[in-house]
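*Asks:* sequence first, then the predicted structure:
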Amino acid sequence: AFTQGWKLLAKAIERLRQIAPIHVPIVNGNHDTMSALHMGEVLAAYFRNTSDVTIDHGPAQRKYVTHQKCLLGLCHGSEEKHSNLPLLMASERPQDWARSAPVAREWHVGHLHHKKSLKFLPCADLGAGVVVRIIPSLTPQDSWHASKGYASKLAAEAYYWDPECGVTATLTHSPV
C-alpha cells in the first residue's frame, strides 16, 4: 500500500507540475506519523533534482502555505483546540499574517473525518477572522469508529483560492 501510495502521489505531482510549480506540505495524522515521515522522505528524494517541486517534510506538526494575500494553515487537528488555531497562525507566522487579507485566512484540519466549517471572528463587524474547515476523508469506517457511533460520508474536496480573497469555490467528490 505504501509503495502504491507514493507512486500515485508522484504521478499526480508530475501531472500538476505541467501546469504550475508544486509545493507539497506533508502533514501527519495521529495514526500515520511514521508513514507520513517516510512518504515525505521518499517524495523529497524522488523530486530532489526538480526545481519546480518542493516537498515540505519537516518535523513541524503545523504547516503553512501562502499565495499572494492568502494564508492557509494545515494540521491534523487532533492536538490543537480549533478555537486556538487563529491565534497560533498569527503568532507562528506574523509576517504572513500581516500580508494576508482577513477574508483569505483558513485552517484545514482532518482529524474528525467529516465536513464542517467554523469561523472565528475577533472583529465581527469588520469581517476579519479565520475559517477553520474540518475536511472530509476518503477513509472508510473501521470497527473502532463504528463501535463509538462515528459515521461520516466518504468524500474528497478541492478548493479554488482567489489570490486576493481566498476560497471562492469548493469541489466535492464522493465515491458512493
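*Replies:* It's in.
*Asks:* list the contacts of I55.
*Replies:* Neighbour list for I55: 24, 26, 40, 43-44, 47 [criterion: C-beta atoms under 8 Å, 6 or more residues apart in numbering]. From N, CA and C alone the C-beta is placed, and that goes for glycine too.
*Asks:* swap in Q68?
*Replies:* 163-164.
*Asks:* ok, what's across the strand from the most centrally placed residue in the chain?
*Replies:* When C-alpha atoms, centre = their mean is applied to the chain, the residue found nearest the centroid is L74 (4.1 Å). Note on L74: beta-bridge partners by DSSP bridges are K63, H108.
*Asks:* looking at this structure, which helix or strand is least sure?
*Replies:* Lowest by mean pLDDT, DSSP states H and E among the helices and strands of the chain is strand 116-123, with a mean of 55.
*Asks:* now do the helix or strand following that strand, average pLDDT.
*Replies:* Scanning forward in sequence from strand 116-123 by DSSP states H and E, the next helix or strand is strand 128-134. The average pLDDT within strand 128-134 is 83.
*Asks:* report the distance from the next helix or strand along the chain from strand 128-134 to the chain centre.
*Replies:* From strand 128-134 onward toward the C-terminus, using DSSP H and E, the following helix or strand is helix 143-148. Here helix 143-148 is found 25 Å from its chain centre; the criterion is C-alpha atoms, centre = their mean, to the nearest Å.
*Asks:* quick one, the helix or strand just after helix 143-148 and strand 128-134 angle?
*Replies:* Remark: after helix 143-148, the chain's next helix or strand is strand 156-162, criterion DSSP H and E. Put simply, strand 156-162 runs at 160 degrees to strand 128-134, going by axes from the mean of the first three to the mean of the last three C-alpha atoms, to 10 degrees.
*Asks:* now do the following helix or strand past strand 156-162 against strand 128-134, angle only.
*Replies:* Scanning forward in sequence from strand 156-162 by DSSP H and E, the next helix or strand is strand 166-173. Relative orientation of strand 166-173 and strand 128-134, computed by the same axes, to 10 degrees: 10 degrees.
*Asks:* could you export strand 166-173 as CSV, CA atoms only?
*Replies:* Extracted C-alpha coordinates of strand 166-173, given in CSV (Å, rounded to 0.1, in the frame of the first residue of the first chain):
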residue,chain,number,x,y,z
GLY,A,166,-9.4,33.3,-0.5
VAL,A,167,-11.6,30.3,-1.2
THR,A,168,-14.2,31.1,-3.9
ALA,A,169,-15.2,27.6,-5.0
THR,A,170,-15.3,24.1,-3.5
LEU,A,171,-15.4,20.9,-5.4
THR,A,172,-16.6,17.8,-3.6
HIS,A,173,-16.3,14.1,-4.8
